[in-house]
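1. I'd like to go over a predicted model; first the sequence, then the structure.
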Amino acid sequence: MMAKEKGKKDSRPLMNILHEVQEKHGYISEHMLKQIAVEQDIPIARLYGVVKFYTMFHTEPQGKYVIEICGSPSCVLNNGVRLEKFLEQEIGAGIGETSKDGLFSLYKVSCIGCCDEAPAMLINGEAHTKMTVERLKLLLKKLRETEAKQAEAKKK
Amino acid sequence: MRQTKLEALEKARALGPEGTIALLEKRKLEGRGGAAYPTAKKWKTCRDAPADERFVVCNADEGEPGTFKDKLIIRHNAETLVEGILIAAYAVGAKRCFIYLRGEYDYLRPRLREQIDDVLARAKMEGVTIEIVRGAGAYICGEATALLQSIMGFRGNAMCKPPNPTTCGLWGKPTVINNVETLACAAQAVLFEDWDPTLRLFSISGNVKNPGVYEFPLGVKMSTIIDVARPEKKLKAMSFGCFGGIMPVDENMQVTPETICMEKCQHGAYSIIFIDETNNVVDVAYSIAKFYTYESCGKCTPCREGTIRMLNLLKKVRMGKAVKKDLELMRELATHVQDTALCGLGQTCGNHILTSLQHFPKDYEAYMKK
């Protein structure tokens, strides 16, 4: 029955609207949920259910860099677990957590379709493939330096 | 995979909708998403269903671990894919088309959008639009009914069939859902006289030097695939995606749906993950079990609860705390979940356990002795 419901005010798919809101604000806040619910004429409970169903939508503030490690067998067979442990240590946050400095959020996802270039991870939606601990170290260092520079520039 | 440069669409228009469907039937095009349903039959059912509006959906939610052929097509042959979508739209009489692109491939989206607009401008099909719907990390949305729910803005829960989407899909209207490879093949099948229906894209990964996408005909010998993939060490097992189960490597095996299915393995989308002798199969089974627990949509009880129990049992095995009875329980549980689950995910989510228990008891023993 629900499938036949037509209640769409905006002709764009709800999934795309949610993605855009999250891209703009970093996450989908309660305030935004209420706004979308009114605009789209959807009960807020149903909307919340949709947001919570999809792992890529977040209802809590996220780190500036969202890291999604691939957990597929191909990545596991190619040292993916070692990277995971290294990342947890390096940023000081476990899977599903955000680092204290607010820079990194860590997630483990099913498969990002980069099995031919395993092990792989997504950082803010961009694929980083054939990762090693060394490359990851360099990458994190670079990201941190950029952030430090930006913070300094802001102070001035 | 060949380029069709909009000539296939031209030919389809010359043949007319019915002529195009008849041609695809003659060319024996089958769906490449895993179920191998004849594409012409699907399109015909949709076309014949009485309705004022019809839809075409391209399933680009390629979530099966070890599968990445659709990504390759979207990256390097998007034009042919879009042409396939337009041919489908023309054949069934649809105006609105959707591409459901998985969230993990979002970085492909800007380029894909450009190419869609380019092809649409050149094709000059009046009133036909192609929208990209962005997935958000739910494997189950690759299942047709769940995918439609997601496009309509709902949780991606699988639905009971019938009605099939072909007659009652998006907003209750007849909807054709085809996988990326199928649609790209449709364009080629229409255009090329010498198009070979047995060619399949194989995604090869795991413990090999040359992972990647390769095109082989059905019936190819496993040894040929292994030669191309070039493993560094002796191979022990191969996993057909996640849901296909884990099998011992048999170099003489000819890869066809029949030979694989006979061994109770699913061919899926022809993705093979090779596992060499330095790895324990239980570890692979554990990562697959984790995947299913994470991705079960939670609608039906056997799958929601069963996947967690199977994962816990495997955890127990890996901790060295399992006894023989636990393995029996695992086997029983996997069989029950497969028999009672609602959709394809649940019906296959015990394969890795059943096959690994059957073929690799030594790997389990290695953990149990500790």
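-> Structure received. Numbering: from 1, shown residues only, chains lettered A, B, ... in the order given.

2. I'd say B:Lys41 and B:Glu25 touch.
-> Yes - contact criterion C-beta atoms under 8 Å: B:Lys41 and B:Glu25 qualify, at 7.5 Å. Where C-beta positions appear, they are placed from N, C-alpha and C, glycine not excepted.

3. Which elements pack onto the strand or helix carrying B:Leu329?
-> Using DSSP states H and E, the element containing B:Leu329 is helix B:324-340. Contacts defined by 3 or more C-beta pairs under 8 Å, 6 or more residues apart in numbering or on different chains; DSSP states H and E place helix B:324-340 against helix B:301-318, helix B:344-348, helix B:351-359.

4. and the gap between B:Ala187 and A:Ala118?
-> For B:Ala187, the distance to A:Ala118 equals 31 Å [C-beta to C-beta, to the nearest Å].

5. could you pull out the strands for the stretch 101-250 of chain B?
-> B:129-134, B:175-179, B:199-206, B:212-217, B:220-221, B:235-240, B:246-248 (DSSP state E, counting those that start in this stretch).

6. so where's the stretch 1-150 of chain B shaky on pLDDT?
-> Within the stretch 1-150 of chain B, no stretch falls below the threshold (pLDDT under 70).

7. and what of chain A?
-> Counting by pLDDT under 70, chain A contains low-confidence residues at A:1-10.

8. on that earlier part again, quick one: contacts of the helix holding B:Leu329?
-> With contacts defined as C-beta atoms under 8 Å, 6 or more residues apart in numbering or on different chains, helix B:324-340 is touched by B:300, B:302-303, B:306-307, B:309-310, B:313-314, B:316-317, B:346-351, B:353-354, B:357, B:364.

9. and with 6 Å instead?
-> B:Pro302, B:Gly306, B:Arg309, B:Met310, B:Leu313, B:Gln347, B:Gly350, B:Ile353, B:Leu354, B:Leu357 (C-beta atoms under 6 Å, 6 or more residues apart in numbering or on different chains).

10. What does the pLDDT read for the first one?
-> Predicted confidence (pLDDT) at B:Pro302: the value is 93.

11. ok, it - how many residues close by?
-> For B:Pro302, the count of nearby residues is 20 (other C-beta atoms under 10 Å in any protein chain shown).

12. could you list every residue that touches it?
-> B:Val337, B:Thr340, B:Ala341.

13. any idea how far the closest residue to the first one other than its chain neighbours lies from B:Thr45?
-> Think B:Val337. The shortest distance from B:Val337 to any non-neighbouring residue, by C-beta to C-beta, 6 or more residues apart in numbering or on different chains, is to B:Gly306 (3.6 Å). Counting by C-beta to C-beta, the separation of B:Gly306 from B:Thr45 is 33 Å.

14. what about the two, which has more around it?
-> The neighbour comparison of B:Gly306 against B:Thr45 (other C-beta under 10 Å) goes to B:Gly306, with 24 against 15.

15. Chain A versus the more buried one, what's the distance?
-> For B:Gly306, the distance to chain A (C-beta to the nearest C-beta, to the nearest Å) stands at 18 Å.

16. Let me see the domain layout of the chain.
-> Since no chain was named, I'll use chain A. Using automatic domain parsing, the domains assigned to chain A come out as A:8-53, A:65-139.

17. wait, chain B
-> For chain B, automatic domain parsing gives the domain ranges B:7-191, B:199-276, B:281-369.

18. Comparing these, which comes out most buried?
-> Mean neighbour count (mean count of other C-beta atoms under 10 Å in any protein chain shown) peaks for domain B:7-191 among those, with a mean of 21.

19. On the strand side of things, show who the residue lying closest to B:Thr224 once chain neighbours are set aside bridges to.
-> Spatial nearest neighbour of B:Thr224, excluding adjacent residues (C-beta to C-beta, 6+ apart): B:Phe216 at 7.2 Å. Beta-bridge partners recorded for B:Phe216 (DSSP bridges): B:Arg200.

20. and if you look at B:Asn179?
-> B:Asn59.

21. residues near the closest residue to chain B within chain A, how many?
-> Closest approach between chain A and chain B, counting by C-beta to the nearest C-beta: A:Leu14, at 3.1 Å. Residues lying near A:Leu14 (other C-beta under 10 Å) number 21.

22. Right, I'll leave it there.
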